[in-house]
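Student: model this:
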Amino acid sequence: MAIVYYDGDCGYCNRAVMWVIDHKISTRFQFAQLEGAYGKNLTAVRPDLKNVDTIVVVDGDDVYIKSDAIVHLLRNIKNYQLLGWILKCIPKCIRNFGYDLFAQIRHKLQFKNECKLPTAEERKYFLD
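Tutor: Numbering: from 1, shown residues only. Model (predicted):
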């Protein structure tokens, strides 16, 4: 099972998680907030990730952060694999630069219905 850790306080992050779920990512991916119990467990096991304020995907022994995490997720969503491969071709330093720029403004973005409650079907993707 792969776990996607995200910032539960970020409206954009919450919407992005729901978008990924709505696009039928495999149920082998589950989601947990960085601030939650699973997030705390992650930082206990991986202290190097303690101050990370970004998306983290743990898939088996592999850990992906920032743009690598986005690429990994896209490559696992039907009809978005090509986009994932295209982004993978962009040098990581450039991808992460763009990711960091967006991360600086993400808390300022306002969304309607950003706190949409997941349906029973969507809840199976969440660990906490």
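Student: Longest helix in this protein, please.
Tutor: Looking across the chain with DSSP state H, the single longest helix is helix 92-105.
Student: so how far is W85 from the residue most central in space within the chain?
Tutor: Closest to where the C-alpha atoms of the chain average out (Cα atoms, centre = their mean) is I55, at 4.4 Å. Separation of I55 from W85 (Cβ to Cβ, to the nearest Å): 19 Å. (C-beta placed from N, C-alpha, C; glycine too.)
Student: got it, and R123?
Tutor: Separation of R123 from W85 (Cβ to Cβ): 31 Å.
Student: does the closest residue to I55 other than its chain neighbours sit in a helix or strand, and which one?
Tutor: Distances taken as Cβ to Cβ, 6 or more residues apart in numbering place A69 nearest to I55, at 4.5 Å, with adjacent residues excluded. Taking DSSP states H and E as the criterion, A69 maps to helix 66-74.
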